[in-house]
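Chemist: Predicted model and sequence follow; I will ask about them next.
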Amino acid sequence: MIRAIVQSSVLIPDLAAATQTGAVEELLTRVLADGHLQKGKLPGIKKKLAEREALGSTGIGNGVAVPHVKTDAVTAPVLAFGRSPDGIDWSAIDGRKVHIVFLILVPVSAAEQHLALLRWISSLARDADFRRFAKAADADTVLRDLLLEHVRD
């Protein structure tokens, strides 16, 4: 399941945004442009993501953030990956800037897939080699290959 999601994922090797809100909007814009989302659904998703962030930072530490929501705005799980060379202040639990952002949108009915994606990303966040290679990858194809190397399903 994760392998299929990664293969259809949206990858942005160099996020232009300097803020958390800007990074989320940049990722959502690409998700929209790639046809994973209808434009009319965008405001609702932004609101849900902001509400989720208000519950507690999705900056999970080690320079990784995972903004995520369950929403009926998508019919299948969507994964977007962005990398910020300079880092973004995300109020992460360890106080460090975020360089790697995984945006997850899953249908409300896909709770198990949502949890599986969060577990997988959590393991990547703890893997120093993954973080190092993800920061150094020079193209979206290299990033996709790196993500696929870490799928165990």
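Modeler: Everything's here; your move.
Chemist: Give me the below-cutoff pLDDT ranges for the protein.
Modeler: Within the chain, the ranges that satisfy pLDDT under 70 run 153.
Chemist: Would you map the strands across it?
Modeler: 10-12, 59-61, 64-65, 68-70, 78-88, 98-106 (DSSP state E).
Chemist: Let's have these in CSV, adding distance to G44 and mean neighbour count.
Modeler: (Each C-beta comes from the backbone N, C-alpha and C, glycine too.) Formatted as CSV, those follow (distance: least, C-beta to C-beta, whole Å; neighbours: other C-beta atoms under 10 Å):
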stretch, distance to G44, mean neighbour count
strand 10-12, 19, 20
strand 59-61, 23, 20
strand 64-65, 21, 27
strand 68-70, 10, 21
strand 78-88, 14, 20
strand 98-106, 11, 25
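Chemist: Identify the bridge partners of the residue nearest to the spatial centre of the chain.
Modeler: Nearest to the mean C-alpha position of the chain, by C-alpha atoms, centre = their mean, lies F102 at 1.5 Å. For F102, the beta-bridge partners are F81 (DSSP bridges).
Chemist: Which positions within the lengthiest helix in the chain qualify as buried?
Modeler: As assigned by DSSP state H, the longest helix anywhere in the chain is helix 111-126. Buried positions in helix 111-126, judged by neighbour count with 16 or more other C-beta atoms under 10 Å: Q113, H114, A116, L117, L118, W120, I121, L124, A125.
Chemist: Pull the residues that contact stretch 146-153.
Modeler: With contact meaning C-beta atoms under 8 Å, 6 or more residues apart in numbering, stretch 146-153 is reached by 1-3, 6-7, 9, 81, 116, 120, 123-124, 127, 130, 133-134, 137.
Chemist: for stretch 21-39, same thing?
Modeler: 8, 10, 12, 15-17, 42, 45-46, 49, 67, 73-74, 78, 80, 82, 84, 88, 98, 101, 103, 105.
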